[in-house]
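S.K.: What follows is a predicted structure for the sequence shown.
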Amino acid sequence: MFFSIIIPVFNRPDELRELLVSLTKQTYTHLEVIVVEDGSKTKADDVVAAFADQLAIRYYFKENSGQGFTRNVGFERANGDYFVIFDSDALIPPHYFSVVNERLESDWLDAYGGPDMAHPDFTAVQKAISYSMTSPFTTGGIRGSKKNLGGTFHPRSFNMGLSRKVWETIGGYKLSRMGEDIEFAIRIIENGFKTGLIADAFIYHKRRTNFGQFYRQLRFFGRARINISRYYPGELKLVHTFPALFTLFVLSVPVWALISTVLFQLALGVLLLFAVLVLVDATRKEKSLQIGLLSVRAAFTQLIGYGIGFIGEGWKKLREPKTFRETGASIEYPS
């Protein structure tokens, strides 16, 4: 199997350098790397050039249009039998492509996804954010957990592979932001292709390095879930409303204080119980009280950020006369 690795990058040359270093350490080496720069002001061409003698690597620059369409440019130029997509803020363990190749030879998947986790060298904040994004207490446990998947597996573009046949059949991304990976996975499945999780094909995902960035990212994710429902109303599930319900509950706590002391104390008790559960679980898993405490903050940031984005975009959608899928209207994306 010859793999084409597609990496969109936007103003992140240092992160890209670390990702490329990790790719030079792969035990399976029948692969090429395609870096597509999405109109960055801080370009990464020099970074890519520095790896020309270590990797079969190519670099392309395009005007800014978002990561979905940037990945399409990589697909169009790929020579591989199988395309693998990574975000630029990822680190790839040496065994990754050996694991994927072995799985595809023994049990074929037209498209797959893999889990993400925190690298031992990540900061305490990064580890806390990683815990929150993979914890069952924040609805993040479905990411790379066999027991929590349920139904058909939807790969996500931070760690995803697809066969050339998939791309030739359905084309690339139709959205470039606002849930583009969800829409892409839905079309793969709708066209009858087999998808699945490769649990051992994990990556180390840096995500955001502070809580402000993390909040903005999750607020965007909440908006993206509503945006997908414009095209696929049936994809909006009850589980997707949980962060919004949590957010509304948190915002209602001061109101309970005006209504009833007992109800106010009960509401605080519920939030305290949630915080304690996250603290104990994160401390146990990460073997660090500091990371446990930071994980509580990360969990509240994740749920409230997603919830606010979900509620805001949901209200906007309610005021629209028809779904975007019916009207074919264009979408305005934030930069």
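M.R.: Structure received.

S.K.: Stretch 45-60: which residues count as buried?
M.R.: The neighbour-count check on stretch 45-60 (16 or more other CB atoms under 10 Å) flags Val47, Val48, Phe51, Leu55, Ala56, Ile57, Arg58, Tyr59, Tyr60 as buried. Bear in mind the C-beta positions are built from the backbone N, C-alpha and C, glycine included.

S.K.: quick check, nearest of these to Val253?
M.R.: The closest of the buried residues of stretch 45-60 to Val253 turns out to be Val47 (CB to CB; 47.6 Å).

S.K.: Quick check: phi and psi at the closest one.
M.R.: When read as degrees, to the nearest 10, the backbone of Val47 gives phi -60, psi -50.

S.K.: wait, isn't it in contact with Pro13?
M.R.: Yes. With contact defined as CB atoms under 8 Å, Val47 reaches Pro13; the gap is 4.8 Å.

S.K.: Looking at the buried residues of stretch 45-60, which is nearest Leu303?
M.R.: Val47 (35.8 Å).

S.K.: can you pull the contacts of that closest one?
M.R.: Going by CB atoms under 8 Å, 6 or more residues apart in numbering, Val47 touches Pro13, Leu16, Arg17, Leu20.

S.K.: which of those residues has the most neighbours?
M.R.: When neighbours are taken as other CB atoms under 10 Å, the top entry among the contacts of Val47 is Leu20 (23 neighbours).

S.K.: Now do the same for that residue: helix, strand or coil?
M.R.: Assigned by DSSP: H, G, I helix; E, B strand; the rest coil, the conformation of Leu20 is helix.

S.K.: Now do the contacts for it.
M.R.: When contacts are taken as CB under 8 Å, 6+ apart, Leu20 is in contact with Val33, Val47, Val48, Phe51, Leu55, Ile57.

S.K.: pLDDT wise, what is it at?
M.R.: With respect to pLDDT, Leu20 scores 98.

S.K.: quick one: it and Gln67, what's the gap?
M.R.: 18 Å (CB to CB, to the nearest Å).

S.K.: same thing with His95?
M.R.: Distance, His95 to Gln67, using CB to CB: 26 Å.

S.K.: okay, these two: which has more neighbours?
M.R.: Between His95 and Gln67, Gln67 has the larger neighbour count (other CB under 10 Å), namely 21 against 16.

S.K.: I'd say that one and Leu175 touch.
M.R.: No. At 10.1 Å, Gln67 does not count as touching Leu175 under the criterion of CB under 8 Å.

S.K.: what helix or strand is Ala267 on?
M.R.: Secondary structure assignment for Ala267, by DSSP states H and E: helix 261-286.
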